[in-house]
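In: A structural model of the following input is requested.
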Amino acid sequence: MVLDVEWGNLYDIAVDDLGIQPSEFWQMCPQEFWRLYDKRIEKNRMLENPGRLTEKERESLLETLDNYKKKHGCSK
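Out: Residues are numbered from 1 along each chain as shown. Presented below is the predicted three-dimensional model:
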């Protein structure tokens, strides 16, 4: 499968947002770029919402709590 990639957009993200030197960007393989990008997204999420759960984490915690209540006969 061949993908049409907007290299200019990726370049802007890498250099402007991730602080990668232009020459380093052009030497990177796509996996390196996406790994750095994903790490930045996760870091930003943690900084913007410190201590907050994602929706998936919240649902999992509520399910665990419900299972505990059922197992131990708690009414609330």
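In: do a quick rundown of the strands in this protein.
Out: With DSSP state E applied, the chain shows no strands anywhere along its length.
In: show me where pLDDT drops low in it?
Out: Along the chain, the parts satisfying pLDDT under 70 run over 1-3, 5, 49-51, 75-76.
In: ok, residue 14 to residue 68 distance?
Out: 46 Å (Cβ to Cβ, to the nearest Å). Glycine gets a C-beta too; all of them are placed from N, C-alpha and C.
In: the more surrounded of these two?
Out: Using other Cβ atoms under 10 Å as the criterion, residue 14 and residue 68 rank with residue 14 on top: 22 against 10.
In: now do the contacts for the more buried one.
Out: With Cβ atoms under 8 Å, 6 or more residues apart in numbering as the criterion, the residues that contact residue 14 are 20, 25, 28, 33, 36.
In: which of those residues lies closest to residue 6?
Out: residue 33 (12.7 Å; Cβ to Cβ).
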